[in-house]
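> Sequence isn't available, so here's the structure alone:
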């Protein structure tokens, strides 16, 4: 899992080892910040075929703007 605020060097290590990465830490950020950060992750791996899971994603624009493999949020159960 890669979280907002983590060093990009950690992200680079993950993408070298795994084809499926969970992105977290976006809860509590603005929609624009979450979308910009997640888009950066997607862009950095677009030629690798990496797929992403979005933890805590219920914001429609964030979900629909990127080709997530999967998303979830505990608030959907409430």
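Done, it's in. A quick note: this is a predicted structure, and the numbers were derived from the prediction, not measured.
> Spell out the residue ranges of the helices in the chain.
8-17, 31-44, 60-65 (DSSP state H).
> by contact count, what packs against the last one?
The criterion is 3 or more Cβ pairs under 8 Å, 6 or more residues apart in numbering; DSSP states H and E, and the helices and strands that helix 60-65 contacts are helix 31-44. For every residue, glycine as well, the C-beta is placed using N, CA and C.
> ok and the helix it packs on relative to helix 8-17, angle-wise?
Taking axes from the mean of the first three to the mean of the last three Cα atoms, to 10 degrees, one finds helix 31-44 and helix 8-17 inclined to each other by 50 degrees.
> rank the helices of the chain by pLDDT, which is bottom?
Within these, the stretch with the lowest mean pLDDT is helix 60-65, showing a mean of 92.
> Measure how far stretch 14-32 is from the centre of its chain, please.
Remark: stretch 14-32 is offset 3 Å from the chain centroid, using Cα atoms, centre = their mean, to the nearest Å.
> before we move on, back to that, can you say which of the helices of the chain is packed in most?
Most buried of these by mean neighbour count (mean count of other Cβ atoms under 10 Å) is helix 31-44; its value is a mean of 15.
> where's the spatially most central residue of the chain relative to residue 12, distance?
Geometric centre of the chain, nearest residue: residue 23, 3.5 Å, by Cα atoms, centre = their mean. From residue 23 across to residue 12, the span is 14 Å (Cβ to Cβ, to the nearest Å).
> Distance to residue 72 for the helices of the chain - can I get that in TSV?
TSV is the format used below for those (distance: least, Cβ to Cβ, whole Å):
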stretch	distance to residue 72
helix 8-17	19
helix 31-44	14
helix 60-65	11
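> what's near enough to touch the closest residue in space to residue 67 that isn't next to it in sequence?
Once flanking residues are discounted, residue 67 sits nearest to residue 42: 7.3 Å by Cβ to Cβ, 6 or more residues apart in numbering. Applying Cβ atoms under 8 Å, 6 or more residues apart in numbering, one finds that residue 42 lies in contact with 52, 66, 67.
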